[in-house]
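Undergrad: Just the structure for this:
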Amino acid sequence: MTLASAKLINATKDYGGVGMEPKGRGGWLAVLLFSLIFSTLYVISGNLVPIAEAEQRGVVWPNGFKPVFYLSVLLSAGVIATAAWMLIKHDEWYSVNIAIRCMWIGALASIFVPAFVLARYIPGTDVSGEVVRGTFSSLFWLIVWTLYLLKSKRVRNTYSKGAPYLYSGSSRAESSTQNIVESQQAPEETEKASPVQPPTSAQVSPALAQEAQPHRAAVTLKFTMFRADADGKWYWVLQETVEGRTICRSSGKASRSECLKDIGLLRTGATDATIWDKTANEFVMGQ
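TA: As a prediction, this is how the structure comes out:
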């Protein structure tokens, strides 16, 4: 292992190993999950506790009011709790889409549904001020967290099954990874007075050639292609099925046929491809 490889592995170890991008339910994603759990408890306590306190002061509620009001509050809180549940218990991209819908429905329902029940059973009750303030506050945070879920690299990597793998920030992340490797190689390359000339097949190290021979273990490679909802483009991913490890990914393609063309080219030409070790200035295989 070269010095550049060791430093690159250490740099990506805590970020999912691909493009130095974060992964897992930490960072701002943890803040969102805490906020959803807290919001669920707040909706319940913020609506039910005042009802109980009013009863202790001798307030008598109309017949049928309490069951309907309690049900409206619990249903609204349950929808918000569903958003947290989807993000905690699932790793698929569809869970992010469901969580966003539940956030919006639950937050707005927790404001309007109890207010409607109050106005229905207790005529003359004015809750318009609370409704307006709650609506603006909820809309602000809903927009913030929705944009976070759709644009965050951590979210995209954590809920990667079925997610659009590449988006506007991915190319920059992959470029930064390449820059790290090239920066480690730069001092060695600048010492060379003449351009690097590929060696002939006689110069290939037999030991390196043997090391690079494909392993014939029970490993199956699988191509998966899909159309991303985020940008409407087609992508393919090459994975090995034993550990589920991603080997490589494509850039966005305009059509499904372009994906199939790339996959066909890789399947037919990969066995004859040469391997050039730029650091050691030698062919490991081929040429």
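Undergrad: make it CA atoms for all contacts and neighbour counts henceforth
TA: Noted.
Undergrad: For stretch 143-163, output the C-alpha coordinates as PDB.
TA: Extracted in PDB, the C-alpha atoms of stretch 143-163 (Å, rounded to 0.1, in the frame of the first residue of the first chain):
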ATOM      1  CA  ILE A 143     -39.000  24.200   4.200                       C
ATOM      2  CA  VAL A 144     -35.600  24.100   6.000                       C
ATOM      3  CA  TRP A 145     -35.800  20.400   6.800                       C
ATOM      4  CA  THR A 146     -37.300  19.500   3.500                       C
ATOM      5  CA  LEU A 147     -34.400  21.100   1.600                       C
ATOM      6  CA  TYR A 148     -32.000  19.400   4.000                       C
ATOM      7  CA  LEU A 149     -33.400  16.000   3.400                       C
ATOM      8  CA  LEU A 150     -33.400  16.500  -0.400                       C
ATOM      9  CA  LYS A 151     -29.900  18.100  -0.700                       C
ATOM     10  CA  SER A 152     -27.900  16.600   2.200                       C
ATOM     11  CA  LYS A 153     -25.000  14.200   1.200                       C
ATOM     12  CA  ARG A 154     -25.400  12.500   4.600                       C
ATOM     13  CA  VAL A 155     -29.100  11.800   3.900                       C
ATOM     14  CA  ARG A 156     -28.300  10.600   0.400                       C
ATOM     15  CA  ASN A 157     -25.600   8.200   1.600                       C
ATOM     16  CA  THR A 158     -27.600   6.900   4.600                       C
ATOM     17  CA  TYR A 159     -30.700   6.100   2.700                       C
ATOM     18  CA  SER A 160     -28.800   5.000  -0.400                       C
ATOM     19  CA  LYS A 161     -31.000   2.100  -1.500                       C
ATOM     20  CA  GLY A 162     -32.900   3.400  -4.500                       C
ATOM     21  CA  ALA A 163     -31.500   6.900  -4.100                       C
END
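Undergrad: State the number of residues packed around Cys102.
TA: Cys102 has 21 neighbouring residues, counting by other CA atoms under 10 Å.
Undergrad: tell me the contacts of it?
TA: Residues in contact with Cys102, defined by CA atoms under 8 Å, 6 or more residues apart in numbering, are Val79, Ile80, Thr82, Ala83.
Undergrad: Can you tell me which of the residues you listed is nearest Gly64?
TA: Using CA to CA, Val79 comes nearest to Gly64 of the contacts of Cys102, at 23.2 Å.
Undergrad: Phi, psi for that closest one please.
TA: phi -70, psi -40 (degrees, to the nearest 10).
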